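Asks: build the 3D model from these lines:
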Amino acid sequence: MAIELKILAWSCVLLLVHIFAAGHFKTKQYGSKWNMGARDETLPPLEPVAGRLVRAQANFLETYPIAIVALLGVVLAGRTSDLTAIGGWMWLGARIVYLPLYAFGVPVIRTLVYMVGLIGLVLVLQALIAG
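Replies: Numbers count the residues shown, from 1 in each chain. Modelled structure (predicted):
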């Protein structure tokens, strides 16, 4: 199996971590009745950690479609290489590190880690586009 597909599989696990982390902290604040209900009521703003986890999830979802297309694209196009694998691991590794940095409110390093992830995506996209 192509490494890029393994990266995609692990990225699905990371997405579940994002969903459950944000959901856990939201449920902790709003209660299990809210979690199991229709969620129609107006709620107070999220506490800082819950808010950061929700924003980290949204941030992950902004680049996730690009990663899916790029990683799956290089496999389907037969354009996989050591560089696409490195780029994929860079993106996934950065996204893994990004989540706790965002949760703990670490500013500048979080942005640098985000940029490492983007560079990884560019490495994969370059192989797809240049082909």
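Asks: pull the helix or strand with minimum mean pLDDT from this structure.
Replies: helix 32-36 (a mean of 92; mean pLDDT, DSSP states H and E).
Asks: quickly find the element holding Ile68.
Replies: In this assignment (DSSP states H and E), Ile68 forms part of helix 48-76.
Asks: just checking, what packs against the least confident helix or strand of the chain?
Replies: helix 3-30 (3 or more Cβ pairs under 8 Å, 6 or more residues apart in numbering; DSSP states H and E). Quick note: C-beta positions are derived from backbone N, CA and C, even for glycine.
Asks: now the angle from the helix it packs on to helix 48-76?
Replies: Per axes from the mean of the first three to the mean of the last three Cα atoms, to 10 degrees, the angle that helix 3-30 makes with helix 48-76 is 160 degrees.
Asks: next, count neighbours for Pro93.
Replies: Not quite, residue 93 is Gly, not Pro. Gly93 sits with 16 neighbouring residues when counted by other Cβ atoms under 10 Å.
Asks: and it, what does it touch?
Replies: Listed by Cβ atoms under 8 Å, 6 or more residues apart in numbering, the contact set of Gly93 reads 116-117, 120.
Asks: for the helix or strand harbouring it, buried residues please.
Replies: Secondary structure from DSSP H and E places Gly93 in helix 82-103. Within helix 82-103, the residues scored as buried using 16 or more other Cβ atoms under 10 Å are 84-85, 87-99, 101-103.
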